[in-house]
Structures are given as structure tokens and as C-alpha cells.
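1. Generate coordinates for the sequence data below:
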Amino acid sequence: RQFPASDLDVLVLLPNAMNAAAVPDEVATKVSAFISSCWDVGLEIGSSVRTVQECTDEAQRDVTIQTAMLEHRLISGNRQLYKDFETAFNQQLNSKAFFVAKTLELQQRHSKHNDTPFALEPNCKESPGGLRDLQTVLWVAKAAGFGNTWEDMAQQGLATPFEVKQLRRNEAILQRIRLRLHLVAKRREDRLVFDLQTAVAESFGYEPVESKDGKPRLRSSEVLMRHYYWAAKAVTQLQQILLLNIEAKLNPSSRQSAPINERFSDLAGYIDINQDDVYLQNPHAILETFWV
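-> Coordinates of the predicted model:
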């Protein structure tokens, strides 16, 4: 999904027979003209010119480049060359190594943002519970061949219909907030800084909430942040659940379950329930979870 002030990653793909370091003058002129025209119409692009072999070499060296290539789609050009790239890229992609790299990247990003979705000026893209968390789940699922959408993951048994509903709902909330941030700031801005919170809230139509005596109880910005924190908290919990499910499917031998009692099991150091309706059938098990 493209946001108003987001940048674009554009790859000009060359056949292996052509050396990207010594592109013929005619091709170099056309590539340069294309990139210049993108900037001229106001597109902020990050461009690269590579052969198919260079693409796979760079992907193996840098997980960020590998992630960008994972989201490839053909805009225009030689379809056979594009298919050659797809084949070569998929052959070099190690889903287990990619999962490890992306989860480590997620942990480092969360640490940078103090491991909390409840910052006073959160980054709706990069903070814990932000859009990047959802993207990370989709990336590792796609790399593992588990699908490209939340519905695909549900069909693979990685998410329940209720979780899919929650994922879509909270993803939409975060996307709308980021969209409004870009429009209000008139630039690329993903942080809900104090100076913008009220303007973003008003763009949604949020109004101050008054108490019974007519005095303001919540400012419009506080109403906005309350909705943001609800969404970020839900995303934080959902991404943890989905990443654990993906890991279990990628490494089934490392996820052996050891029974604790008739309701709970030890699953790789985590408490797992033996049946989905444990808490419905045995409400006291909520407290037993902490005891176990």
C-alpha cells in the first residue's frame, strides 16, 4: 500500500548477459531519463540497476534488500526476464534463515523504541505494534510459502477467523492514521508527535469528550491516542501469536509439547492450552495459568 509521502523502490532489471557496471550508452541514457522523469513528477524513488545474478547475490548478502525484492511486482518490460528473476530469487531464498533474520530485526527495532507500544509520541510504522510488525509477519509467511494475505494464513492454520478480523481492523486503523499524518504534515512523517496529534484527531472528526458537568474530560488528541494504543496493543499481541505459529510450522521438531496437566502443556518454554475452549469450559483455569 502506497502512502502520500512514502518513497518507492524501483529496480531496473537487466539480463545476465549485460554487465550492470558497464551498461551500453544507449541503455544508460534511457535508464537515466526514466529515473529523472520519476523525480520530475514528484516521486521520491530509491533506484537500482542490476542483472538477475546481481539481484540474487545482493539478496543473499543483505536481508533488507532481500525483503524489498520479496515484494517484487512487474510494472513494465520483458515478462520472461521478470520470470527469470522470480525463479532465481525463489531458489536462493531460505525461509528459515529469513525468519531468523526478520525476527531479530524486529527485536532490535522494538528495543530502539523502548519495547513499548505506549510511547507518548509513537511511530505508527516502526514502534512496537506499528505497521512494520504486521509487514514482518506477512513477509516471513510469504517467504515460507504460507500465503500473501491474512486469509491465506488462516487457511494454513496459522490464524483463526477472529484473529484475521482483528488483524484487518487494526491494520486499517494504523493505515488511516499514517495516511492522515502524511496529509497533515505535508511530508513523510510517521511519528504521532504532540504538535500533530490534535490536527490528526480533528481530521478524523474526533471531538473533546465532556464529563457530566460539561467540563472537558478528554481532548480530541487523547481520543485519537486512545484508539491508537488499542490498535497497537492488539497488533503487538497478534504478531507474537502469528510468529510463534509460523516458527512452529517451519521447525516442527523444535516444538514438541510436554503435558503439564489435563489443561496445559509446556511448548518450548511457553504454556500452551490443550484445547481451544479450555477457558470457556473451565473459567478457573485463567487463574491456574499463573499458578502453573
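2. Please make it C-alpha for all contacts and neighbour counts, starting now.
-> Fine.
3. Asp57 versus Lys186, what's the distance?
-> 38 Å (CA to CA, to the nearest Å).
4. The two: who's more crowded?
-> Asp57 (14 against 11; other CA atoms under 10 Å).
5. pLDDT score assigned to the more buried one?
-> pLDDT for Asp57: 94.
6. now it: how far from Leu287?
-> From Asp57 over to Leu287 the distance is 52 Å, taken as CA to CA.
7. Report the distance from stretch 127-135 to the chain centre.
-> 5 Å (CA atoms, centre = their mean, to the nearest Å).
8. Contacts made by it with the rest, please.
-> By CA atoms under 8 Å, 6 or more residues apart in numbering, the surrounding residues in contact with stretch 127-135 are 106, 109-110, 113, 115-117, 123-126, 171, 174-175, 231-236, 239.
9. so who does Leu106 touch?
-> Neighbour list for Leu106: Asp133, Thr136 [criterion: CA under 8 Å, 6+ apart].
10. Which secondary structure element is home to Arg226?
-> Assigned by DSSP states H and E, Arg226 falls within helix 220-250.
11. List the buried residues in the helix or strand just after that helix.
-> Remark: after helix 220-250, the chain's next helix or strand is strand 257-259, criterion DSSP H and E. Applying a neighbour-count criterion of 16 or more other CA atoms under 10 Å, one finds Ser257 buried in strand 257-259.
12. Give the pairing partners of the helix or strand following strand 257-259; include direction for each.
-> Using DSSP H and E, the helix or strand that follows strand 257-259 towards the C-terminus is strand 264-267. For strand 264-267, the paired strands and their directions (DSSP bridges) read strand 257-259 (antiparallel), strand 270-273 (antiparallel).
13. now strand 264-267, how far from the chain's geometric center?
-> That offset, for strand 264-267, works out to 29 Å (CA atoms, centre = their mean).
14. ok, now stretch 49-65?
-> Using CA atoms, centre = their mean, the offset of stretch 49-65 from its chain centre is 21 Å.
15. again with stretch 41-52
-> 22 Å.
16. And it, end to end?
-> Taking CA to CA, stretch 41-52 runs 28 Å from one end to the other.
17. now do stretch 53-68
-> 16 Å.
18. Tell me which residues of it come out buried.
-> For stretch 53-68, using 16+ other CA under 10 Å, the buried residues are Gln53, Glu54, Cys55, Thr56, Ala59, Gln60, Val63, Gln66, Thr67.
19. for the record, mean pLDDT for stretch 245-259?
-> 85.
20. For it, measure first residue to last.
-> The first and final residues of stretch 245-259 sit 19 Å from each other (CA to CA).
21. for this structure, what spans make up the helices?
-> Secondary structure of the chain (DSSP state H): helices at 25-40, 52-61, 63-70, 79-92, 95-112, 131-143, 150-155, 161-185, 194-204, 220-250, 278-281, 285-291.
22. Return the set of residues that bridge with Thr51.
-> Leu14.
23. shouldn't it be in contact with Leu11?
-> No: proximity of Thr51 to Leu11 does not meet the contact threshold set by CA atoms under 8 Å, at 9.8 Å.
24. Next, count neighbours for the residue nearest to Ile173 when sequence neighbours are not counted.
-> Of all residues not flanking Ile173 in the chain, Ala231 sits nearest, at 7.0 Å (CA to CA, 6 or more residues apart in numbering). Using other CA under 10 Å, Ala231 has 22 neighbouring residues.
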